[in-house]
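Q: need coordinates for the following:
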Amino acid sequence: MAHDGNRPLKIIAGADSFGCSLKDALVAHLRSLNIDVEDLSTDKYYSVAEEIGRRVSDAASAAMETRGLVACGTGTGVTIFANKFPGAYATLCRSVEDAVNTRSINNCNILAVSGNSTSPETAIEILNAWIQTPFKSPCPASGGSDWPPELDSFLSNSLSEMAPIGAAVPRETCAICCLAKHREFTPVEIMPGGVMKIVRESPTSAIVRFKAGSVEPAHHHTFGHDLVVMSGRKRVWNLSKRASFDLESGDFLFTPGGDVHRVKYFEDTEFFIRWDGKWDIFLDEDLETAHKEIEKEH
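A: Below is the predicted model:
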């Protein structure tokens, strides 16, 4: 089967368990047409769609034209995740008209289909139309006629305008890491010497830093929290449990919700902390009292 363009065509396919049967039928059809297909098989819908979107994006300027084929239960999830890369244009198509329109108008290079609502026979018709339709060709949206000059020019220019979208954003392996990078440390106002950067909320995760010599007055939280020291050295008194813990880099401590605790920092210290719910804090003593109580130990 011929397709638009002069480059040889390769299609990378994948699906989740809800779209797997439909994807398998379409892969078999493509191979019957002697089209080069790489089948990534079955995985979570966001994993397989992300991989196909990335691969299509990376191959945008390659000698071989590379497109993607993704399927899940609705077809919507794989469309969202495949579209997260510059130059990757995924569209969910439920009819031949959808496929012709999106190729003509959007230069769609990733076809998404619904395993729950599209039969193999209809999906094959959609796939054939998607392969055969050139960019800017007459389509149902143009009334089957050539695009008028002003719209033809708009579509042509859109290719260069769309391509850079998303390219300036660094690709990250972890969305939370990317978001955390751009958050600011803010002072823990009721505890001099401390700053905190919240990277996730409810359950809350944060990175906290305290300067050497700082003291956290006795306080408690509604929720329990896990704490891992990344650098430095500190002592935690759990006043509710009548216990104390000396912590340094690599040490972990869990404090149950409601337990009253006081902290002294012997070095500049940084730690990661995660509350089981939202962050809150309730003071059980003032700073002056905390210093006096710590001095009693020396």
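
Q: when you work out contacts or count neighbours from here on, use the C-alpha atoms and nothing else.
A: OK.

Q: could you pull out the strands in the stretch 1-150 of the chain for me?
A: Listed in chain order, the strands of the stretch 1-150 of the chain (DSSP state E, counting those that start in this stretch) span 9-15, 36-42, 65-72, 90-92, 110-114.

Q: winner for burial among those strands?
A: strand 110-114 (a mean of 29; mean count of other Cα atoms under 10 Å).

Q: any low-confidence regions in this protein?
A: 1-7, 61, 63, 165-182, 298 (pLDDT under 70).

Q: care to break it down by domain?
A: 9-162, 175-295 (automatic domain parsing).

Q: start to end distance for the longest one?
A: Same thing as domain 9-162. 22 Å (Cα to Cα, to the nearest Å).

Q: dump the residue contacts of Leu26.
A: 120, 123-124, 127 (Cα atoms under 8 Å, 6 or more residues apart in numbering).

Q: please redo it, this time with the cut-off set to 7 Å
A: Ile124 (Cα atoms under 7 Å, 6 or more residues apart in numbering).

Q: now do it against Thr122, distance only.
A: 10 Å.

Q: TSV for the strands of the stretch 1-150 of the chain, including distance to Arg103?
A: Below are the strands of the stretch 1-150 of the chain laid out as TSV (distance: least, Cα to Cα, whole Å):
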stretch	distance to Arg103
strand 9-15	15
strand 36-42	19
strand 65-72	12
strand 90-92	9
strand 110-114	10
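
Q: rewinding a little: winner for burial among the domains of the chain?
A: The most buried one of the domains of the chain (mean count of other Cα under 10 Å) is domain 9-162, showing a mean of 20.

Q: distance from the chain centre to that domain, please.
A: Distance, stretch centre to chain centre, for domain 9-162: 21 Å (Cα atoms, centre = their mean, to the nearest Å).

Q: I figured Glu285 was touching Val215, is that so?
A: No. Using Cα atoms under 7 Å as the test, Glu285 is too far from Val215 to be in contact (11.8 Å).

Q: among the strands of the stretch 1-150 of the chain, which comes closest to Cys139?
A: strand 90-92 (15.9 Å; Cα to Cα).

Q: for Ser117, which non-adjacent residue is closest in space?
A: Thr74 (7.2 Å; Cα to Cα, 6 or more residues apart in numbering).
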